[in-house]
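A.B. asks: sharing a model that was predicted from the sequence below.
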There are 4 protein chains.
Amino acid sequence: MKNTFGTSVAVTLFGESHGESIGVVIDGLAPGIPVDHEAITHMLTLRRPNGRISTPRRESDSYRIVSGVVENTTTGTPITILISNENVQSGDYSQMKTVARPSHADYTAECKYHGYQDSRGGGHFSGRLTAALVAAGAICRSALERKGIFIGTHVKRCAGISDRSFGDLGEDIRALGEKTFAVLDEAQGERMREEILRAASEGDSVGGVLETAIIGMPAGVGEPWFDTVEGMLSHMLFSIPAVKGVEFGAGFAIADLTGSEANDPMRVENGKVITETNHSGGINGGITNGMPILFRTAIKPTPTIFQPQNTVDFKEMTNAVTEPKGRHDPAIVHRARVVQDAAAAIVLCDALAMRFGTDFLK
Amino acid sequence: MKNTFGTSVAVTLFGESHGESIGVVIDGLAPGIPVDHEAITHMLTLRRPNGRISTPRRESDSYRIVSGVVENTTTGTPITILISNENVQSGDYSQMKTVARPSHADYTAECKYHGYQDSRGGGHFSGRLTAALVAAGAICRSALERKGIFIGTHVKRCAGISDRSFGDLGEDIRALGEKTFAVLDEAQGERMREEILRAASEGDSVGGVLETAIIGMPAGVGEPWFDTVEGMLSHMLFSIPAVKGVEFGAGFAIADLTGSEANDPMRVENGKVITETNHSGGINGGITNGMPILFRTAIKPTPTIFQPQNTVDFKEMTNAVTEPKGRHDPAIVHRARVVQDAAAAIVLCDALAMRFGTDFLK
Amino acid sequence: MKNTFGTSVAVTLFGESHGESIGVVIDGLAPGIPVDHEAITHMLTLRRPNGRISTPRRESDSYRIVSGVVENTTTGTPITILISNENVQSGDYSQMKTVARPSHADYTAECKYHGYQDSRGGGHFSGRLTAALVAAGAICRSALERKGIFIGTHVKRCAGISDRSFGDLGEDIRALGEKTFAVLDEAQGERMREEILRAASEGDSVGGVLETAIIGMPAGVGEPWFDTVEGMLSHMLFSIPAVKGVEFGAGFAIADLTGSEANDPMRVENGKVITETNHSGGINGGITNGMPILFRTAIKPTPTIFQPQNTVDFKEMTNAVTEPKGRHDPAIVHRARVVQDAAAAIVLCDALAMRFGTDFLK
Amino acid sequence: MKNTFGTSVAVTLFGESHGESIGVVIDGLAPGIPVDHEAITHMLTLRRPNGRISTPRRESDSYRIVSGVVENTTTGTPITILISNENVQSGDYSQMKTVARPSHADYTAECKYHGYQDSRGGGHFSGRLTAALVAAGAICRSALERKGIFIGTHVKRCAGISDRSFGDLGEDIRALGEKTFAVLDEAQGERMREEILRAASEGDSVGGVLETAIIGMPAGVGEPWFDTVEGMLSHMLFSIPAVKGVEFGAGFAIADLTGSEANDPMRVENGKVITETNHSGGINGGITNGMPILFRTAIKPTPTIFQPQNTVDFKEMTNAVTEPKGRHDPAIVHRARVVQDAAAAIVLCDALAMRFGTDFLK
């Protein structure tokens, strides 16, 4: 379905980096959900570049909800959010860049769109579109919180520095919600930022790992085949530009464990089934087991670097050298984390509506 | 869509481990594709338990195509493949097991199906269903090969032992096709098998990592948002029981690289755009770039082990101890690799038909 | 989605008239629904040719459920039903008929499948596949009846003879369930059968109109745009071979009414909102209003007639004359009515599961 | 999929009658299609109320394309069109009308949205949203015309007066494109308008029948089951407010024909297979046969009439009388015809892209 994702609750994403507006339609959210503008603005702010570790480009990301919400409450019909692109120096489109930036989508866009793509600023491929996804996700996240479902993501690793592991999830998720640079251990966060600045000073960039925890999901959501919770989440998560891997629970580390180490022993506690460890990441056989959902994504370093790189001019079909100028992020992992929260929130709303009906989140 | 996956080419999977039959419907494959029974049987044989490192249960996996194929050629209408479950000791269904096996789907099945699930042998969650997926994938794979697209998977890692990396992909893929235990370095494969036997002797099990390479895919397939090639493949791959992670190209290792290390320099070679490295795994911005597609999955150790484990009786809601008896695999990573080939083949047929029309694979 | 239809509850249809088996997968039906074999057999019997007004070909339509049902109860996983094709005189496939039968799908099948279609007996286009749809619909219908939702279809018109209109719907639906030739007025039914026999004696065929009533549907099901109840039902109904029109409530007759005549006045009765007339057919703005759903389909006369007809040989691209031999129905309207019941039942189960969750029909 | 329709080419519709904007996202249209603003404006103008036979409310319907189009050419990424709601006297939302207008969606909206719906002016159910559908359809229609596919709709019947039948389709379609009140016989059109005015003078309204012809569609498009061309078109057409019936070719009249009358004899003409009659409406077995596609819809009379009507207050659950005031159309059939053109154009673009790939319309 290309730019639409979801079944009962679906998002449709549109826009280009240097077009008039980007935006999103969220369809299928239950009626009667309060739309918390503070929460939307907060998540958009966390996504925005800020401080010395981000691009100096400033976007106000002021959004407008043009349908589906009346008196700050969802009506149950499609919610459309528009975010204008301000101060774009759109340049002359006729001078389309035909020198591909390595590890960007310039060349693949050409293969798919045959020269008609809007190549200014990455066009439809731009990370800028995640602002719209974040706005949609903010509404979904608020809806989930009313049902006792909470989502939090931290920068688990950046530039070779690791954050501490999740501890008390309720507490950690709450704390992450307030942080601009989302780490659980501030000292490690400081070291990460130093590394980002060092890379920036060399015209280079760094990547990282994002880890998400979700608490409060009821057991019994998801399907054994195809629409596993892992499958639906990963399908969405790989749309976040720069994600090159997704793992659940113990993830790739589970490959080196034995069954006796990897299995999660079970126990009844307070009339509820729990597992003593959570290597499964809250999902067995594709279906939630009531334990926290845990997953991580690999975020590649920003492909735009200020160093000469070998590449091609795909129109002339000749070799070329590119050395970008302009404003770019030496790291996006800390900005991507709210996108990850948002993406997860949208998928969970859909899975819950499929399981329990369209009024469930009301 | 639950047990159906795909848009233009779709598979529908059905059956239970101890039911009458398992099977699959492949819908949307172009007419005129030769159905190579040798290739199907070969892939089914590779999936089957064999040798001392697998369960002693023997399944003949003889399949029957009951629709969509005439004179060994696809008609263009749904292809239905049935595989009978032979010699199942079905036992008495009324004595449904209510003691959950840790890290199996027993408890989540209960949460979703409220006691009506067929719990014999894992029921619909059983890895046995992958036999049907493999049969479907074998037909898709043959269709791709006629278009010059080849898929190969090796056991990249098992029980802590690593296989060598891919070298000449054409050659490696060809060689893997013949191997029962698919490694590129036979000496490492022998060490893996030793470790599997050692785990088995302790009533334990081991996991691993599977790595897949796909050559020949045209550039320009996939979508920038949501139906990225990574997203579609991962959605399917997480349906393979035991997969807990999916990564493309450099995967999680890319998190520790800088942009100057991670970016793939580009070059024109023989009138074709290529990249000098392939950290992107053949995909940029969700769209194929014409380079080989590379991905890895994390396979957890078989959860069935012959040791006592703490668990629950979810009907009585009491703590319990389980110690399985019967026949099980101390490792499934080597069997899962043909499932991974099959899963990839199905997704690629769908992506190609969406891009180039329903006659493309004819 | 081609041969799969539905979102939360979906059917996948497969098979060919002269292949080994036809069949259907029903996916997404709630667990715990009793599977009433008598009801399935009854509906299959009603679809089967019978008496002098149908083809002398006899099909036993014995079906086998090979997955998704344990102890005559749905498990919640895909239910697969197989119906063998018995006594097919398959002939030699290599002698594919290339002389198109007028108003059949022979020529369009060629345009789509390029000569690879199974042309024996209509292949995948055969009305025979509706037997599988009926079997699936029988299970769905039983599930609906447990919720107080009842479906009945009568031959509203055949060969120019009209049945009386629906009266007491509960009573009429009950009575129709037992009838082989489903009319409300037996005298009119007798006249219809006479006309069918007269057409048969001339080597000709007749068509008709089927009218369906559904009682007990809760209000608030369906969507304002695209997934209107009318849209979903009609999408499915046009799959029934021979259907050339679908109308709801007053249907095409509403075109000649004024607003004051067409509008349905509303009233509160026993604490429930009802309408005094039902020109809307139980649906306003795409959504059920709690009144009976009413719709009609136009069934064209069987295109196979025993008279010479001008046509083409699409392989030779020459004009030709066809004069079929063999066994065919002079009318199918009376057989199609259980297919219509089945089709409606499947769509309603899907719409209800989307609205109220996957456990709703449990 | 609720407010999204289509598979390879999909539209997402959003907005409310009295909200800030209505709009549409068209996703999946090939890159490189010229966007003809004159054609869009022309179709929007035809949909707009005009003359004495329509509501005196004036909407300028000025639209803005905010994504997916660069230099008046499609980029291949989602095209978003916004149409502002001007001069809406939004009133006070807190005074939601709870007295249902008969045969409107007021009551069903309540059943679905539980009081949260935007009830001003019909909200999301408003016919106003068809302006966005028309804008999207205008782009799709232009794309089809470049491929030689032309669509035209006339008012076949209105207030009991019939237009003449289609004659030379190419000529008729061309002529209809220019007409505000689309009839083939102007004298009959004049009589229709008189009847509309007479109904208006009595505070009443009238309905009608719309007939659409499509020429130039290649043979071999559509599917035998479920995604029949009839099924896909009807699914979309029933979203047009007021449509209560859809019929193809001879439609309901075919029910009274014999097979020998109804069958379309075939012939080779200029190396192409044609049928001598077209009772099939260009579709056999769900698949286009290369002949013109013909269908008709039943349009109910505008439910808003200026006469007292019995109804209910669904909040108080009491009987009530409603007598609307304001501005409304005594007929919408002549305005709905461009909506029908647009709806058909969108569905055909999707069917063609599914069949021949995403570049087909380029």
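C.D. replies: Ah, there it is. Residues are numbered from 1 along each chain as shown, chains lettered A, B, ... in the order given.

A.B. asks: in which helix or strand does the closest residue to chain D within the stretch 201-350 of chain A reside?
C.D. replies: Here the residue of the stretch 201-350 of chain A nearest chain D is residue A:350; by C-beta to the nearest C-beta that distance is 11.7 Å. All C-beta spots, glycine's among them, are computed from the backbone N, C-alpha and C. Assessed by DSSP states H and E, residue A:350 sits inside helix A:333-356.

A.B. asks: mean confidence for that helix?
C.D. replies: The pLDDT scores in helix A:333-356 average 98.

A.B. asks: so what secondary structure elements neighbour that helix?
C.D. replies: Helix A:333-356 sits against helix A:37-47, helix A:130-146, strand A:150-158, strand A:208-215, helix A:229-237, strand A:293-299, with contacts defined as 3 or more C-beta pairs under 8 Å, 6 or more residues apart in numbering or on different chains; DSSP states H and E.

A.B. asks: closest one to chain C among these?
C.D. replies: Short answer: helix A:229-237, nearest of these by C-beta to the nearest C-beta, at 14.4 Å.

A.B. asks: could you check whether the helix or strand just after the closest one is close to chain B?
C.D. replies: Using DSSP H and E, the helix or strand that follows helix A:229-237 towards the C-terminus is strand A:243-248. Yes. Applying C-beta under 8 Å from any C-beta of the partner chain, one finds strand A:243-248 touching chain B at A:243, A:244, A:245, A:246, A:247, A:248.

A.B. asks: give me every residue in the stretch 251-362 of chain A lying close to chain D.
C.D. replies: A:359, A:362.

A.B. asks: from the stretch 251-362 of chain A, which residue is nearest to chain C?
C.D. replies: Counting by C-beta to the nearest C-beta, the stretch 251-362 of chain A gets nearest to chain C through residue A:357 (3.7 Å).

A.B. asks: which residue, neighbours along the chain excluded, lies closest to that residue?
C.D. replies: Nearest residue to residue A:357, sequence neighbours excluded (C-beta to C-beta, 6 or more residues apart in numbering or on different chains): residue C:357, at 3.7 Å.

A.B. asks: neighbours of the one you found, how many?
C.D. replies: Counted with other C-beta atoms under 10 Å in any protein chain shown, the neighbours of residue C:357 add up to 22.

A.B. asks: re earlier: how close does the residue of the stretch 201-350 of chain A closest to chain D get to residue D:14?
C.D. replies: Distance of residue A:350 to residue D:14, computed by C-beta to C-beta, to the nearest Å: 18 Å.

A.B. asks: could you measure from the closest residue to residue A:274 other than its chain neighbours over to residue B:308?
C.D. replies: Of all residues not flanking residue A:274 in the chain, residue A:267 sits nearest, at 5.8 Å (C-beta to C-beta, 6+ apart). Per C-beta to C-beta, residue A:267 is found 14 Å from residue B:308.

A.B. asks: go on, residue A:114?
C.D. replies: When residue A:114 is compared with residue B:308 (using C-beta to C-beta), they lie 63 Å apart.

A.B. asks: out of these two, which sits in the busier spot?
C.D. replies: Taking other C-beta under 10 Å, residue A:114 and residue B:308 do not tie; residue A:114 has more neighbours (15 against 11).

A.B. asks: ignoring the adjacent residues along the chain, who's closest to the more buried one?
C.D. replies: Once flanking residues are discounted, residue A:114 sits nearest to residue D:31: 5.7 Å by C-beta to C-beta, 6+ apart.

A.B. asks: okay but that neighbour is in contact with residue D:79, surely?
C.D. replies: No. Counting by C-beta atoms under 8 Å, residue D:31 does not reach residue D:79; the two are 10.9 Å apart.

A.B. asks: with neighbour numbers in mind, choose between these two.
C.D. replies: Applying other C-beta under 10 Å to residue D:31 and residue D:79 shows that residue D:79 carries more neighbours, namely 25 against 22.

A.B. asks: looking at it, that one is touching residue D:139, isn't it?
C.D. replies: Yes. Counting by C-beta under 8 Å, residue D:79 does reach residue D:139; the two are 6.8 Å apart.

A.B. asks: who in the stretch 101-250 of chain A is up against chain D?
C.D. replies: A:112, A:113, A:114, A:115, A:116, A:117, A:118, A:123, A:124.

A.B. asks: just among those residues, which is most surrounded?
C.D. replies: In terms of neighbours by other C-beta under 10 Å, these top out with residue A:124 at 30 neighbours.

A.B. asks: hang on, the earlier thing: residue contacts, the residue of the stretch 201-350 of chain A closest to chain D?
C.D. replies: Residue A:350 makes contact with A:6, A:7, A:8, A:9, A:10, A:28, A:232 under the criterion C-beta atoms under 8 Å, 6 or more residues apart in numbering or on different chains.

A.B. asks: equivalent analysis for residue A:174, please.
C.D. replies: Applying C-beta under 8 Å, 6+ apart, the residues contacting residue A:174 are A:150, A:152.

A.B. asks: and the residue of the stretch 151-300 of chain A closest to chain B?
C.D. replies: When scored by C-beta to the nearest C-beta, the stretch 151-300 of chain A has residue A:285 as its residue closest to chain B, at 2.5 Å.

A.B. asks: show the contacting residues for that residue.
C.D. replies: The neighbours of residue A:285, taking C-beta under 8 Å, 6+ apart as the test, are A:224, A:228, B:104, B:105, B:108, B:109, B:125, B:241.

A.B. asks: got it, and residue A:346?
C.D. replies: By C-beta under 8 Å, 6+ apart, residue A:346 lies in contact with A:5, A:6, A:9, A:11, A:26, A:133, A:136, A:137, A:140, A:236.

A.B. asks: next, count neighbours for the residue of the stretch 51-200 of chain A at minimum distance from chain C.
C.D. replies: Ranked by C-beta to the nearest C-beta, the top residue of the stretch 51-200 of chain A for proximity to chain C is residue A:77, at 7.2 Å. By the criterion of other C-beta under 10 Å, residue A:77 has 34 neighbours.
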